[in-house]
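A.B. asks: next come a sequence and a model predicted from it.
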Amino acid sequence: MVSVLNNVLLEEILQQVRPLIGQGKVASYIPALAEVPADRLGIAVCMLDGTLYQAGDADERFSIQSISKVLSLTLALTRYQDSEIWQRVGKEPSGQPFNSLLQLELEQGKPRNPFINAGALVVCDMLETRLTAPRQRMLELVRVLTQQPDINYDRHVARSEFDHSARNAAIAWLMKSFGNFSNDVQTVLHTYFHYCAMTMSCGELARCFLYLANQGRGLGQGEPLLTPKQARQINALMVTSGMYDGAGEFAWRVGMPGKSGVGGGIIAIVPGEMSIAVWSPELDASGNSLAGTAALELLADRIGRSIF
Ligand SMILES: NC(=O)CC[C@H](N)C(=O)O
């Protein structure tokens, strides 16, 4: 039987998945992320009219990490012709870990999609070219979408990423060797790490990404951020590539466009209805939140929603 969506249902879902805490691993390759308590668990759902349901630690901010890759692509779509973007980055699932260099060498420095590190770095390179202040511009966008003027970067996390940036730097330099990277590598890494180090709560994330459920129109925005077609295309990319090499499993279990980050957050979209955010810092082998995925699976079952 299909349940009514409300705070009580979300609370029940969290209770059911809480025993999974302890079975995953908090990301430790970015030391600052390993400092986050592993028992945090939150969920928030934002309906098209802005109504917000939430439970658990849904008001606590955390590092959004790769969820920011959706926002950087969104910004790029507002500054570039679609064709300019897709000649530098592909639209295919990678089937590889998010920070892999393997395909990049085989495929002449063109990343498979904008949601793996290589693809997001190319997108950040493009933003560096056309925006005078890409870090400030991102904050402005997110503050408008969430209506929270104090959203910011966690400089401690950004610093920690910068201090352990060998792999991302290698990815950027490899792309430069193929002519697919225009700006100074350090400068672009700096922007990329700041984007990843943005902190938001589940409630803020659910509100922020409502534009993907609402044909490109953000909460309380007069002008749409994206066209309905662009919003649909981002959702498609999230289905095929939002969860890296776990995309197939996520489509199977949850059945919604989703995007994860190694901070333990996941956003998921039910087009035309709602945007969802979950947070639990422990990750599965693909780097996706373990209890977060389970919570989304339960929610999809309980409210009877899936895009398939
Ligand atoms: N999957 C992720 O969230 C990875 C983001 C992380 N900042 C990195 O570049 O490795």
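C.D. replies: Looks like it arrived, so ask away.
A.B. asks: what does stretch 300-308 contact?
C.D. replies: 2-3, 5, 9, 13, 235, 239, 251, 253-257, 270-271, 273, 299 (CB atoms under 8 Å, 6 or more residues apart in numbering). No exception for glycine: its C-beta is placed from N, CA and C like everyone else's.
A.B. asks: and it, what's buried?
C.D. replies: By neighbour count on 16 or more other CB atoms under 10 Å, the buried set for stretch 300-308 is 300-303, 305, 307.
A.B. asks: which of those residues sit farthest apart?
C.D. replies: Greatest spatial distance among the buried residues of stretch 300-308 (CB to CB): 302 and 307, at 16.5 Å.
A.B. asks: quick revisit: now restrict the contacts of stretch 300-308 to buried residues only.
C.D. replies: By 16+ other CB under 10 Å, the contacts of stretch 300-308 give 5, 9, 13, 235, 239, 251, 253-257, 270-271, 299 as buried.
A.B. asks: what's the closest of those to residue 92?
C.D. replies: residue 239 (12.3 Å).
A.B. asks: does that closest one belong to a helix or a strand, and which?
C.D. replies: Using DSSP states H and E, residue 239 maps to helix 228-241.
A.B. asks: cool, and residue 263?
C.D. replies: Applying DSSP H and E, one finds residue 263 in no helix or strand.
A.B. asks: any idea how far it lies from residue 27?
C.D. replies: Residue 263 sits 7 Å away from residue 27, going by CB to CB, to the nearest Å.
A.B. asks: just residue 57 next, same as before
C.D. replies: 18 Å.
A.B. asks: re the thing from before, just the buried residues of stretch 300-308 now: which is nearest residue 180?
C.D. replies: The closest of the buried residues of stretch 300-308, once distances to residue 180 are taken by CB to CB, is residue 307, at 32.0 Å.
A.B. asks: now that closest one, what's its secondary structure?
C.D. replies: coil (DSSP: H, G, I helix; E, B strand; the rest coil).
A.B. asks: among the contacts of stretch 300-308, which are located in strands?
C.D. replies: residue 270 (DSSP state E).
A.B. asks: pull up the residues of the protein that are close to the ligand.
C.D. replies: By CB under 6 Å from any ligand atom, the residues of the chain that approach the ligand are 65-66, 98-99, 117, 161, 168, 196, 261-262, 287.
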